[in-house]
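S.K.: pasting the sequence and the predicted model now:
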Amino acid sequence: MKKFVAGGLLLLAGTASAHSGAVASQKGATSTFLRGRCTTLIAAGKDVTAACSPVLVNVDYPTGASSFFFTLNNEAIVSFFGRDSSVVGDHGMRYLQRVSFKDSTPNNPSSEVSGVCTFSRPPAGPIVVDCEADSKDGPFKAVFVSDGGRPTVTRE
């Protein structure tokens, strides 16, 4: 599963970057893999929490933009793309620009959105990521709680 997730996420990271116009390649990107569980995953108004993978990936691009990627039974990916604001203490915020829902259907468009992701960065214990956005396709919401273990970090 990790091979699919990593390959699919790198492909989608490039797609999100191309759509944003901010990044032409993945050189300099950092990917962080967290293990845990989705407590909520709503995609375009549909509750898909039961299909959510126990791995969350955050890709930080050298431009300051970043994405959170949620996979669904190795068949689809929901990504929240935006720009980080300053981290204050153990909490950060990402203002969302786009949400994408990619599955086996060709030409799944991404939607411009209004929304935000908040995330904790505690020195120890679980990390909580909470994203919420409104789009023309319906609401998107994701809440992920890590297992408290150390994240795996890779750099391109």
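M.R.: On my side now, so go ahead. Numbering: from 1, shown residues only.
S.K.: beta partners of V88?
M.R.: Beta-bridge pairing for V88 (DSSP bridges): H91.
S.K.: from T118, how far off is it?
M.R.: 11 Å (CB to CB, to the nearest Å). C-beta coordinates here come from the backbone N, C-alpha and C atoms, glycine included.
S.K.: compare the two (neighbour count), which wins?
M.R.: Each of V88 and T118 has its neighbours counted (other CB atoms under 10 Å); T118 has more, 14 against 8.
S.K.: return the set of buried residues in the helix or strand hosting that one.
M.R.: According to DSSP states H and E, T118 maps onto strand 110-120. By 16 or more other CB atoms under 10 Å, the buried positions in strand 110-120 come out as S110, S111, V113, G115, V116, C117, F119, S120.
S.K.: same question, stretch 29-44
M.R.: By 16+ other CB under 10 Å, the buried positions in stretch 29-44 come out as A29, S31, T32, F33, L34, G36, R37, C38, L41, I42, A43.
S.K.: show me those residues that map onto strands.
M.R.: S31, T32, F33, L34, G36, R37, C38, L41, I42, A43 (DSSP state E).
S.K.: how about the fifth one, what does it touch?
M.R.: In this case it means G36. By CB atoms under 8 Å, 6 or more residues apart in numbering, G36 lies in contact with P54, L56, P126, I127, F144, V145, S146, D147.
S.K.: that one bridge partners, please.
M.R.: G36 has the following beta-bridge partners by DSSP bridges: S146.
S.K.: show the pLDDT at the closest residue to I42 other than its chain neighbours.
M.R.: Residue nearest to I42 in three dimensions, not counting chain neighbours: K141, with 4.2 Å by CB to CB, 6 or more residues apart in numbering. For K141, the pLDDT comes out at 96.
S.K.: which ones are touching K141?
M.R.: K141 is in contact with T40, L41, I42, C131, E132, A133, counting by CB under 8 Å, 6+ apart.
S.K.: quick one: low-confidence parts of the protein?
M.R.: Per-residue confidence for the chain (pLDDT under 70) gives these ranges: 1-26, 86, 106-109.
S.K.: residue nearest the centroid of it?
M.R.: By CA atoms, centre = their mean, the chain has its centre lying nearest to F68, at 1.3 Å.
S.K.: before we move on, back to that, got a ChimeraX select line for the buried ones in the contacts of G36?
M.R.: The buried residues among the contacts of G36 can be selected in ChimeraX (16+ other CB under 10 Å) with this line:
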select :56,127,144,145,146
